[in-house]
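1. Here is my input, please return the structure:
(chains A and B)
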Amino acid sequence: GAVVSQHPSWVICKSGTSVKIECRSLDFQATTMFWYRQFPKQSLMLMATSNEGSKATYEQGVEKDKFLINHASLTLSTLTVTSAHPEDSSFYICSAKNGETQYFGPGTRLLVL
Amino acid sequence: GNSVTQMEGPVTLSEEAFLTINCTYTATGYPSLFWYVQYPGEGLQLLLKATKADDKGSNKGFEATYRKETTSFHLEKGSVQVSDSAVYFCALSDRTGGSYIPTFGRGTSLIVHP
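-> Got it, this is the predicted structure:
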């Protein structure tokens, strides 16, 4: 099946720094990718829809200036958490749409100290 | 708006027991339906899907049938294994209006004891 990778899988950073997370579709082109956030023992919260070559569409309540999304190519989307704070610590998951199906990356666990 | 409702967990079973995880949905259009599985510390993996009414998705012994009349997509497995312990998410995608709207249920944790 389709493969989506994320990098890094783990990141620990100091409060106030910025962190970039990459999401790649390895064997298909994805004009649309999604970024989710998952809190412990909870469902996925859709943060934004990333569209290749255009601006991302953010869900209500998600700060677009804090969570910068760039979908520069058909196989790569990046999420940058700017000026991270401890409350941004979470599990971030991306997915790429291939036809009707979303294929998920393995997730990135972010810990902000 | 669209929504997906799953049964509350955790579901705790003994090995080789029969599994049912209920999922019902509401959607404005004609959605495709999915089950995803998340193992501890990992991302989500597509388990199975169905794209139209009466379709049956199946994979690794799991099955789910798209029931439009009851707006349901219940997940079943005849004999669970310890390795099936994970969180299962029911989801739908709706193409109404030309936009793609993914909606997930809250997830149901499955614990299988030897």
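
2. Can you tell me which residues in chain B are near chain A?
-> B:32, B:34, B:36, B:41-46, B:49, B:51, B:89, B:91, B:93, B:95, B:100, B:102, B:104-107, B:109 (Cβ under 8 Å from any Cβ of the partner chain). (C-beta placed from N, C-alpha, C; glycine too.)

3. Of those, keep whichever come out buried.
-> B:32, B:34, B:36, B:42-46, B:49, B:51, B:89, B:91, B:93, B:102, B:104-107, B:109 (16 or more other Cβ atoms under 10 Å in any protein chain shown).

4. what about residue A:56, how many neighbours?
-> Neighbour count for residue A:56, taken as other Cβ atoms under 10 Å in any protein chain shown: 21.

5. State the distance from it to chain B.
-> 14 Å (Cβ to the nearest Cβ, to the nearest Å).

6. That residue against residue A:48, yeah?
-> Yes: in this structure, residue A:56 is within contact of residue A:48 by Cβ atoms under 8 Å, at 4.7 Å.

7. residues shared between the contacts of the two?
-> A:64, A:69 (Cβ atoms under 8 Å, 6 or more residues apart in numbering or on different chains).

8. So what sits opposite residue 19 in the bridge?
-> The chain I'm using is chain A. residue A:81 (DSSP bridges).

9. nope, chain B please
-> Beta-bridge partners, per DSSP bridges, of residue B:19: residue B:77.

10. next one: residue B:110
-> Beta-bridge partners of residue B:110, as defined by DSSP bridges: residue B:11, residue B:86.

11. Surely it touches residue B:10?
-> Yes: between residue B:110 and residue B:10 a contact is recorded at 7.0 Å, counting by Cβ under 8 Å.

12. who has more neighbours, those two?
-> Shown here are residue B:110 and residue B:10; by other Cβ under 10 Å, residue B:110 has more neighbours (20 against 12).

13. what residues are up against that one?
-> Residue B:110 neighbours (Cβ under 8 Å, 6+ apart): B:9, B:10, B:11, B:13, B:19, B:21, B:80, B:84, B:85, B:86, B:87, B:88.

14. Quick check: which element contains the fourth one?
-> Using DSSP states H and E, the secondary-structure element containing residue B:13 is strand B:11-14.
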